[in-house]
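Visitor: coords please:
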Amino acid sequence: MTANQKSFIEDLENTQLELSNKWIEYWNTYSNFGTWQFWTNLSFLLIPLIVLYFFIDKRKALLIGFYGFNVHVWFTYIDIIGGERAYWFYPYKVFPILPTGFALDVALVPVAYMLVYQWTLKHKKNYYLYILALCAVLAFVFKPLLVSLDLFELNRGANYFHLFLGYAIVAVISKIITNIFVSFEKNAK
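Guide: Residues are numbered from 1 along each chain as shown. Okay, here's the model as predicted:
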């Protein structure tokens, strides 16, 4: 590693640490346990997990959980990319050191997708039709609600249609990956 490269990396590391410390300071001042925003975000994390515990089809829990984990991973990637490029921003967080809307990425969105996926399997309905309806609700109803409550910001030309596309891409990729693994299992029998 050259001296210039090492200096550049050290500067990046210091900037990253400084930003992390600023997030912790901001959280302690504006987003802590004493704010309604914290409790709202915590409810976005805990309530969906409780609902999932009671409503998941236990006989298909591995399949639905695998699908949900796919949703979580892809949604987190998209959320990190959009957040890092400042297309959107979460002013309040459950955990100040995480770069995304953790509660949405980990629980609310994956659980909503899982319940729709489970419902379409059980009732033999068109997955894509129902999941796209959920994507529309999340992008055009839920996110504007979050914006109106100052829990989410759109920046740099990003709009609700872009969010809808992100939700839809995650839905399609997660379903394709799940289908591939289901076919592996079927072909192995």
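
Visitor: on contacts alone, who are the packing partners of the helix or strand hosting Val51?
Guide: Assignment of secondary structure by DSSP states H and E places Val51 within helix 36-55. Helices and strands touching helix 36-55, by 3 or more Cβ pairs under 8 Å, 6 or more residues apart in numbering; DSSP states H and E, are helix 102-103, helix 109-123. For glycine as for every other residue, the C-beta is placed from the backbone atoms N, C-alpha and C.

Visitor: Lowest average confidence across these, which one?
Guide: Lowest mean pLDDT within the helices and strands packed on helix 36-55: helix 102-103, at a mean of 84.

Visitor: by contact count, what packs against that one?
Guide: helix 36-55.

Visitor: what does the helix it packs on rub up against?
Guide: If you take Cβ atoms under 8 Å, 6 or more residues apart in numbering as the criterion, helix 36-55 is touched by 31-32, 91-94, 101-104, 106-108, 110-112, 114-115, 149-151.

Visitor: how is this structure carved up into domains?
Guide: Domains of the chain are assigned by automatic domain parsing as 1-30, 35-188.

Visitor: Could you dump those into CSV and include mean neighbour count?
Guide: Output for the domains of the chain, formatted as CSV (neighbours: other Cβ atoms under 10 Å):
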stretch, mean neighbour count
domain 1-30, 11
domain 35-188, 16
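
Visitor: So what's the gap between stretch 69-88 and the chain middle?
Guide: 6 Å (Cα atoms, centre = their mean, to the nearest Å).

Visitor: Give me the residues contacting it.
Guide: By Cβ under 8 Å, 6+ apart, the list of residues contacting stretch 69-88 reads 89-90, 99-101, 104-106, 109-110, 113-114, 152-158, 162-163, 166-167, 169-171, 173-174, 177-178.
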